[in-house]
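In: coordinates for the following, if possible.
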Amino acid sequence: MTTVRTVLAMRTREGCEERFEAEWLSAAEKIRTLDGCLHQDLVRDADDPRSYLIISDWADRDRLDAFGRSEHRDQLLRVVRELRESAQRHTYQVLHSVRSEPEGAR
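Out: Model prediction:
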């Protein structure tokens, strides 16, 4: 099986940025315990504080899709969805990862 990465671009409703971040973090703490979830990041656009990317890595597409169809997902992310203005999701297969060496190792 191939690791998959989802990238979800979201724009929050005006004035909802702090609550969006807190609600995402709360949901992510629960999602990280699920079978197949490897990593999650929430990143904010440096030039548009209402625009975010949610990036998550999953062990395989089957487990990602099972979570995506689950009622558990709907419950965890209900408030996050209410705080957003728009969303667009893409799923990618991770082909290669190259890590930098720590500063002291160079």
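In: kindly list the main-chain dihedrals of Thr33?
Out: Main-chain torsions, Thr33, degrees, to the nearest 10: phi -80, psi -10.
In: could you report the neighbour count for it?
Out: 7 (other CB atoms under 10 Å). From N, CA and C alone the C-beta is placed, and that goes for glycine too.
In: can you check Ile55 too?
Out: By other CB under 10 Å, the residues close to Ile55 number 15.
In: and the one 10 residues further on, by the same measure?
Out: Using other CB under 10 Å, Asp65 has 14 other residues around it.
In: contacts only, for it.
Out: By CB atoms under 8 Å, 6 or more residues apart in numbering, the contact list for Asp65 is empty.
In: quick check: mean pLDDT across the helix or strand harbouring it?
Out: Assigned by DSSP states H and E, Asp65 belongs to helix 61-68. In this model, helix 61-68 carries a mean pLDDT of 92.
In: in the protein, which residue is closest to the centre?
Out: The residue lying closest to the centre of the chain (CA atoms, centre = their mean) is Ile54, at 3.2 Å.
In: who's in contact with the lowest-mean-pLDDT helix or strand in the chain?
Out: Ranked by mean pLDDT, DSSP states H and E, the helix or strand of the chain with the weakest confidence is helix 71-83, at a mean of 86. Here helix 71-83 makes contact (CB under 8 Å, 6+ apart) with Thr12, Arg13, Cys16, Arg19, Phe20, Glu23, Trp24, Ala27, Lys30, Ile31, Phe67, Ala87.
In: among the residues you listed, which lie within strands?
Out: Thr12, Ala87 (DSSP state E).
In: now the contacts of helix 71-83 in a markdown table, with neighbour count?
Out: Converted to a markdown table, the contacts of helix 71-83 look like this (neighbours: other CB atoms under 10 Å):
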| residue | neighbour count |
| --- | --- |
| Thr12 | 21 |
| Arg13 | 14 |
| Cys16 | 16 |
| Arg19 | 15 |
| Phe20 | 22 |
| Glu23 | 19 |
| Trp24 | 21 |
| Ala27 | 19 |
| Lys30 | 12 |
| Ile31 | 17 |
| Phe67 | 18 |
| Ala87 | 13 |
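In: chain center to stretch 68-85: distance?
Out: In terms of CA atoms, centre = their mean, to the nearest Å, the centre of stretch 68-85 is set 12 Å apart from its chain centre.
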